[in-house]
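Asker: how would this look folded up:
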Amino acid sequence: MGDAATDSVTGLMAELFTSDRRGDDLTGDGTAVNPFKTVQGAMKYSAKRGTSDPFPKIHVDGDEGEEYKEIAKAQLKKQTKLWSEEVRREGKAKDREVEDAEKRARNLEEAKSVVIQEDSSLPEAKRIKLRESVANRDERVAVRGWVHRLRRQGHTMMFVVLRDGSGFLQCLLSGKLCQTYDALLLSTEASVLVKGELRVLPPGKTAPDGHELVADYWEVIGHSPPGGADNLMNPESSVDVQLDNRHIHIRGDSMAKIMKLRSVVIQCFRDHYRDLGYFEVTPPTLVQTQCEGGSTLFAFDYFGEKAYLTQSSQLYLETVIPALGDVFCVAQSYRAEESRTRRHLAEYTHIEAEMPFITFNDLLGALEDLMCDVTERVLRSEFGHLVAEVNPGFRGLKRPFKRMEYAEAIVYLKENGIRNKEGGWYEMGDDIPEGPERQMTDEIGEPVLLTRFPAEIKGFYMARCPDDRALTESVDLLMPGVGEIIGGSMRASDHGELMEAYRANGFDPSPYYWYTDQRKYGTTPHGGYGLGAERFLTWLLGRNHIRDVSLYPRFIGRCTP
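Answerer: Residues are numbered from 1 along each chain as shown. Model prediction:
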């Protein structure tokens with residue numbers, strides 16, 4: 001049977017095809033090749049085009065050996081009746097919508113005449129942050145914030161939960177306060193000022209901190225569209241929709257907790273270094289040298305010269321240790337890496353440190369101490385309870401960390417059947433990718449200090465092992481659920497060794513003159529490391545993807561908003 005016939009005068013389809021087996025009411029066009037799924041779908045399509053009285057000839061699935069057959073008269077009568085009932089229901093719904101719209105318009109017009117004024121006989125309201133509400137119970141206060149949740153109870157009562165970044169507070173608005181023009185338009189995400197008395201809730205009632213603000217005056221600072229943030233996204237929205245609307249997404253409970261903990265974590269790193277006598281420095285992020293390989297450099301024109309966004313501040317930190325001793329930085333780093341894994345970002349917060357006059361064992365101990373101390377500081381902080389709220393299964397760290405050499409990892413992968421993507425075994429000299437590395441770490445089930453990597457797969461600046469010049473005094477800290485969080489090493493302190501490293505990696509030493517000079521003017525054994533703040537947070541908070549802990553994540557295909 002061919003496509004549907006078309007009326008030669010009207011140009012409308014004279015017959016429509018439906019198929020319960022292979023049709024689709026959303027994408028079908030009524031032809032035999034692309035039928036609708038249901039008779040109701042065909043009738044709806046026809047009615048939109050003005051041919052519902054009568055409907056065109058409708059075909060349904062045929063019997064055995066027949067693709068289609070004309071719908072039986074009894075079935076058509078039943079379907080027409082159903083269609084008529086649906087049309088009546090839609091008509092009534094439209095009438096109700098019109099009535100509701102007219103009623104709302106009248107209510108809004110009437111509400112314009114309702115004016116509220118602050119009672120000058122009341123005590124002056126004390127301006128507070130929401131975090132200060134417990135300390136100001138039974139006082140008249142003024143709070144400002146965004147409408148986080150809103151519940152109307154009839155025409156004379158509204159429960160408004162505010163947030164201001166420091167906390168949450170339920171406000172009770174009643175009487176005329178609920179009947180103003182602004183009250184009828186109020187929606188979530190609007191910003192408001194509310195004044196009133198803070199009262200403890202009676203037993204059996206619940207609200208943030210166990211109290212509520214009984215309002216005596218309020219005003220809108222900035223309205224929000226009807227429906228608030230739900231206009232843009234909701235919990236069921238796709239990842240891309242959530243990322244497109246990150247500016248709204250971060251207002252949600254979960255994201256706000258993560259961003260607060262991000263602030264706490266970075267401060268705890270700074271406190272760790274400060275208490276150990278480190279100085280913080282601020283290296284440049286516009287550079288003309290590379291640190292981790294040219295394939296991941298973001299290049300740009302710098303006033304006619306070629307320059308890059310920094311991959312790491314390590315080289316600059318090394319230049320500061322003769323002046324300041326132990327140093328660290330918290331800075332942005334950039335990797336033009338076309339990786340679509342759940343742990344890679346093109347821009348991330350890099351926490352790096354360098355230390356003079358240390359041994360490789362000193363470096364390993366410093367990494368273990370860093371992780372344990374910062375974790376303990378976060379959990380002891382004012383916001384430590386948020387960790388349990390975001391990641392209920394978190395249990396902290398135990399010392400000592402497991403230590404494993406790269407060669408032992410190669411053996412582990414073979415013994416546990418973890419193969420490369422070609423199906424073969426990993427051999428000495430292979431760079432172990434993220435997937436197998438994470439699988440190994442998850443199976444071991446504890447932090448692993450993976451050490452002594454071959455020189456050919458590590459940075460040019462890494463010191464060689466004294467007992468095996470083919471290996472480096474290098475380390476990656478691997479954490480279950482995430483994989484690598486820290487990469488570090490002793491740095492090549494011998495001038496000749498560094499010059500040979502330039503040559504072996506095909507680097508022109510001249511742009512690195514300032515780095516090379518560190519080996520001329522009082523060289524010393526020294527080492528350091530870099531930690532990705534987002535990876536640390538991903539581990540701490542048990543998130544599945546690193547983008548969850550970045551304010552505005554940047555990765556391949558995403559540089560907005």
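
Asker: Would you indicate which residues of the least confident helix or strand in the chain by mean pLDDT are buried?
Answerer: Lowest on mean pLDDT, DSSP states H and E among the helices and strands of the chain sits helix 73-111, with a mean of 85. Buried residues in helix 73-111, counted by 16 or more other CB atoms under 10 Å: 76, 79-80, 83, 111. No exception for glycine: its C-beta is placed from N, CA and C like everyone else's.

Asker: what's the next secondary structure element after it?
Answerer: Toward the C-terminal end, the helix or strand that comes next after helix 73-111 (DSSP states H and E) is strand 126-127.

Asker: other SSEs contacting the next helix-or-strand element following that next one?
Answerer: Downstream of strand 126-127, the next assigned helix or strand under DSSP H and E is strand 140-152. Strand 140-152 sits against strand 126-127, strand 157-163, strand 168-174, strand 191-200, strand 211-222, with contacts defined as 3 or more CB pairs under 8 Å, 6 or more residues apart in numbering; DSSP states H and E.

Asker: Out of these, which gets nearest to residue 263?
Answerer: When the helices and strands packed on strand 140-152 are compared by CB to CB, strand 157-163 sits nearest residue 263, at 16.3 Å.

Asker: mind listing what residue 38 touches?
Answerer: Residues in contact with residue 38 (CB atoms under 8 Å, 6 or more residues apart in numbering) are 18, 20, 23, 25.

Asker: Let's see that with 10 Å instead.
Answerer: Residues near residue 38 by CB atoms under 10 Å, 6 or more residues apart in numbering: 18-20, 23-25, 28, 44, 60, 79.

Asker: Looking at these, which is nearest residue 460?
Answerer: Relative to residue 460, the closest of the contacts of residue 38 is residue 24; by CB to CB it sits at 59.0 Å.

Asker: List phi and psi for the nearest residue to that closest one once chain neighbours are set aside.
Answerer: In this structure, residue 24 finds its nearest non-sequential neighbour in residue 37, 5.5 Å apart by CB to CB, 6 or more residues apart in numbering. Backbone torsions of residue 37, given as degrees, to the nearest 10, read phi -90, psi -40.

Asker: State the pair within the contacts of residue 38 that is farthest apart.
Answerer: The widest separation within those, taken as CB to CB, falls between 24 and 79 and amounts to 18.0 Å.

Asker: From what I see, the residue nearest to residue 24 and residue 30 are in contact.
Answerer: No: using CB atoms under 10 Å as the test, residue 37 is too far from residue 30 to be in contact (11.2 Å).

Asker: Common neighbours of the two, please.
Answerer: 18, 23.

Asker: These two: which is more packed in?
Answerer: Legend: neighbour count by other CB atoms under 10 Å for residue 37 and residue 30, higher for residue 30 (23 against 18).

Asker: need the contact list for the more buried one.
Answerer: Residues in contact with residue 30 (CB under 10 Å, 6+ apart) are 3-4, 13, 15-18, 23, 36, 41-42, 45-46, 49, 56, 58-59.

Asker: same thing but 8 Å
Answerer: Contact analysis of residue 30 by CB under 8 Å, 6+ apart lists 4, 13, 16-17, 36, 42, 45-46.

Asker: thinking residue 370 is in contact with residue 272, fair?
Answerer: Yes: using CB atoms under 8 Å, residue 370 makes contact with residue 272 at a distance of 6.4 Å.

Asker: can you give me the strands in the stretch 451-561 of the chain?
Answerer: Residue ranges of the strands in the stretch 451-561 of the chain, as given by DSSP state E, counting those that start in this stretch, are 464-465, 468-472, 474-479, 483-490, 526-532.
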